[in-house]
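Q: what follows is a predicted protein model with its sequence.
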Amino acid sequence: MIQMLRWIPLAIFLILIVIFATLSSQFLTVANLGAVLSQSSWLIAVAVGVNFVLLTAGVDLSVGSAMYLAAVTVCLLFPHQPVWLCMLGALAVGSLFGAINAALIARLGLPAFIVTLASLFIGRSTGLYFSSTKIVYANTLVADFGRGTFLYIPTVLWLAGVATAIAWLLLNRTPFGLYVRSIGADAVGARRAGVPTRATTLSVYILCGAFAGLGGFISLSQTSAASGAFGQNSEFLAIAAAVLGGTSLFGGRGNVWAPVIGSILISTVQNGLALIDANPYAYPVITGSVIFLAALLDSGRSRLQARLERRGMRPESNSPGPAVNPIPTRTHR
Amino acid sequence: MITSGPRLTVQGLTKSFFGVKVLDDVSFEAQAGRVLAVVGENGSGKSTTMNLLTGVLRRDSGTVLLDGRPLNPRSRRESDEASIAFIQQELNIFPNLTVAENLFLVRPPRVQSMLPFISRQRMHEMADNLLRRVDLEVSTDVSSGTLSTGQRQLVEIARGLAWEAKVFIFDEPTSSLTAREAAKLFEVINRLRQQCAAILYISHNLDEVLSVSDDVMVLRDGKVTLRQECKNMTANDLVLAMVGRPIDALFPQRASTRPEPTPVLDIEAITELGVLNNINLRVGRGEIVGIAGLMGSGRSELARAIFGLDHYDAGVVRISGKQLPPGDVQARLAAGMAFLTEDRRHEGLMMDASVADNMALAALPNFTHPVGKRIDRGRLVKAIADLMTRLNVKSGDAKSTPVRSLSGGNQQKVVLGRWLLRNPSVFILDEPTRGVDIGAKQEIYRLLAQLADAGMAILVISSELEELIGTCDRIHVMRQGALSAEFPRERFDREVLLRAAFGQSYAA
């Protein structure tokens, strides 16, 4: 059953592809599918970061504001600077933003939901203050970079790929990854086992901010401009992407591929809706349904897991075997 | 490596909480290659001692030497590094991680000591080695959630081996193991002993203590009252040292012949596919009926089905002739059924709420004004005060003391009180004395007898055969989801019951 649930997002994905392909002849073209991937690259970067937070059973609602702050900083402070400096700037702003969240959550012990909800508003309005609520523009170097390719593959996809690779390494090949997943399963137990829970929680929110900053940079380089609504609602898309792909909202369960697959699925939906000329008011309905579906799948998975663990009658008591005296007889020395 | 003599030397360990001495000048030695049992009632200072040794708490005074070097851990992590493995009742195994990841959670083997990257291959090799040492045959990359409790415990012991622990502390290790798993555990403990580890073994099961350990230490009110070799000791000696007086009548007298009781709880052919198989059971007015069986035989599942927490596929549950729909807890509550779950920490109690709030929770509808349904505070407070004295709950002010601060025995009395406040006619109790000290146990047994004498129909599920033999009028043995045998009081016999629980093929 759990195995079947795992394939549901993929099944939906295929069904959607069939529907869009029949409704629009442009949908199933190499150019369009490439465009879907490019369009999903910023979301992949953001969702991969949020994925870390979700794995610790936490939540970060502020990534959209981190994206916006990163974009505003790059536009206002670096009007002529090279791409690498702009990217570092975006990463730095994102990390700093994440660090503030992290300090409040891990140091002061405030609930992540409230802290990041507050920083969502504070971050957005700080950005609006600096941009005077006007649209800000990226320098031409950044804009050219965003439309460029490297080895036939769009540069933005390279960035998303590198972000995913780094996340994979962190999660699967470092002690940090183990710490993250142990905290998600049982934070108290993890501390008891000697896991540096506070340092790990701090790192997780800083990382999430950094990845959001990168997502902001990618998105900015593609559109070369950021309005006051830049990155808005992306926190929900990022969480939905990770959960759709199989990361649990309840912590502990999930992997790096979950946010990647979920992000591509969501941008496919958005791309398809645009191609078939759907009513713009239908977009939020569809996106909302996707989020709902993600949550439904996740709770279904978790409930099944719990039931299986409870129902699993101990096979031992059913199997015949030799007589066992639970208490050994021993002569004392 | 020391192969004999004292491994852990504790001198004059003292600890106070808010001016109350909970440990007073405790001294003992744990020898290499020997098992030292630590017994005592709840609240006698066993847990505090272990928490001091493992850095969960800091001591006020006293010295602890490990292999002659002073030991002063400030956290679990430091005590781990100092080679003390603490296997707690609640296992510290993460179900979402693989066995190997659990074994090397804190310090996984690296590709190269300078790089921060884990070497999966080395991790699995090392894990394989460790599992072999505890005789656990599972793959190291299987998710730990699929392991049984006994297997998880072995993983936790292997984790201790991973950092070459010299001292192993077991806290009630067999409390949730099947008989077979327990036998395996004892084998492994024996092996640890041969490898010259010092082992501290905490348990409430005195027979087990006497057969597993080499030495025993008894704590009472934070002081050591007995410290000697187990040789020639009896459980009664231990009890005497624990409570300071012999408990002759742990179980209350029950009239041996009783008039044929009228059935109150009547269960007919209950079947839950794969879990319960055609269960027929009757509990009469004033009768205490016990259900024995191995862990995993379906005892708790039966109780949950009767109480409506789980759906059953076929069969009927009646209270005083009235049929109740499956899976409907509210109907059962209304019909006067009560259910004490085996897991009071997760299902029974609100740990941070007060004693009074916890007791009142289930009974509020019984204490409302007829008009407007306001809660009748006065009547409720009085009823709770009455129950507190009747149950002998030892706590501070009932309205302000959080349940978390009570001992296990007193917590259990609070749960009992909650149900009694409703005046049930049928009471199902699943492991009513688990984790409860011997004094509170006795009080609970007395209470059950009183309730039955007052006409309540009582169904008790327990892993402790002595408990069932001492309190019940009839015992059913459950095996593989079915009731396999029934014994009236005059045919109670520990060995026969145990044999029935294991099934005929197990007959020795």
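A: On my side now, so go ahead. Here the structure is a predicted model, which means the values were calculated and not measured.

Q: what helix or strand is the residue nearest in space to the middle of chain A on?
A: Nearest residue to the geometric centre of chain A (Cα atoms, centre = their mean): A:A47, 1.8 Å. Per DSSP states H and E, A:A47 falls inside helix A:30-55.

Q: buried ones in that helix?
A: Within helix A:30-55, the residues scored as buried using 16 or more other Cβ atoms under 10 Å in any protein chain shown are A:32, A:35-55. For every residue, glycine as well, the C-beta is placed using N, CA and C.

Q: what's the following helix or strand after it?
A: Criterion used, DSSP H and E; the element after helix A:30-55 is helix A:63-77.

Q: so for the helix or strand following that next one, mean pLDDT?
A: Downstream of helix A:63-77, the first helix or strand assigned by DSSP H and E is helix A:83-102. For helix A:83-102, the mean per-residue pLDDT is 94.

Q: check the residue of chain B found nearest chain A and give its pLDDT.
A: Minimum separation of chain B from chain A (Cβ to the nearest Cβ) falls at B:G296, amounting to 3.1 Å. With respect to pLDDT, B:G296 scores 71.

Q: can you report how many residues lie near it?
A: B:G296 has 20 neighbours, counted by other Cβ atoms under 10 Å in any protein chain shown.

Q: now the one 3 residues further on
A: Summarising burial for B:R299: neighbours were counted as other Cβ under 10 Å, giving 24.

Q: that one contacts B:L468, doesn't it?
A: No - counting by Cβ atoms under 8 Å, B:R299 does not reach B:L468; the two are 11.2 Å apart.

Q: joint contacts of the two?
A: Residues touching both B:R299 and B:L468 (Cβ atoms under 8 Å, 6 or more residues apart in numbering or on different chains) are B:I291.

Q: report the buried residues of the helix ranked longest in chain A.
A: If you go by DSSP state H, chain A has its longest helix at helix A:282-311. Buried positions in helix A:282-311, judged by neighbour count with 16+ other Cβ under 10 Å: A:T287, A:V290, A:I291, A:L293, A:A294, A:L297, A:D298, A:R301, A:Q305.

Q: how about the fourth one, what does it touch?
A: The contact partners of A:L293, taken as Cβ under 8 Å, 6+ apart, are A:I12, A:L244.

Q: count the residues that sit near residue 24.
A: No chain was given, so I picked chain A. With other Cβ under 10 Å as criterion, A:S24 counts 17.

Q: oops, wrong one, chain B.
A: B:D24: 16 neighbours (other Cβ under 10 Å).

Q: okay, now the unreliable bits of chain B?
A: Along chain B, the parts satisfying pLDDT under 70 run over B:1-3, B:18-19, B:42-43, B:244-249, B:255-260, B:295, B:344-348, B:502-508.

Q: let's see that with 50 instead.
A: Scanning chain B for pLDDT under 50 picks out B:505-508.

Q: what's the closest of the buried residues of helix A:282-311 to chain B?
A: Each of the buried residues of helix A:282-311 was scored against chain B by Cβ to the nearest Cβ, and A:Q305 proved nearest at 7.8 Å.

Q: how close does that closest one get to A:L5?
A: Distance, A:Q305 to A:L5, by Cβ to Cβ, to the nearest Å: 10 Å.

Q: likewise B:G12?
A: 58 Å.

Q: residues contacting B:R76?
A: Counting by Cβ under 8 Å, 6+ apart, B:R76 touches A:R191, A:R192, A:A193, A:G194, B:T54, B:G55, B:V56, B:F86.

Q: show me the contacts for the closest residue to A:L43 other than its chain neighbours.
A: Excluding its sequence neighbours, the residue lying closest to A:L43 (Cβ to Cβ, 6 or more residues apart in numbering or on different chains) is A:S263, at 4.1 Å. Counting by Cβ under 8 Å, 6+ apart, A:S263 makes contact with A:S40, A:L43, A:I44, A:A47, A:L237, A:A238, A:A241, A:G245.

Q: wait, the second one sits on A:A242?
A: Translated: A:L43. No - at 10.3 Å, A:L43 does not count as touching A:A242 under the criterion of Cβ under 8 Å.

Q: was I right about B:A452 contacting B:I288?
A: Yes - the criterion here is Cβ under 8 Å, and B:A452 meets it with B:I288 at 5.0 Å.

Q: quick check: neighbours shared by those two?
A: With Cβ under 8 Å, 6+ apart as the test, B:A452 and B:I288 both reach B:R254, B:I458, B:D473.

Q: ok but the second one is inside a strand, no?
A: By that I understand B:I458. Yes - using DSSP: H, G, I helix; E, B strand; the rest coil, the assignment for B:I458 is a strand.

Q: does it touch B:I291 like I think?
A: No - using Cβ under 8 Å, B:I458 is not in contact with B:I291, being 11.4 Å away.

Q: mind checking the SS state of B:S300?
A: helix.

Q: next, count neighbours for it.
A: Using other Cβ under 10 Å, B:S300 has 21 other residues around it.

Q: also the one 3 residues further on?
A: A count of neighbours around B:A303, defined by other Cβ under 10 Å, yields 23.

Q: hmm, B:A482 is touching B:V275, no?
A: No - using Cβ under 8 Å, B:A482 is not in contact with B:V275, being 10.5 Å away.
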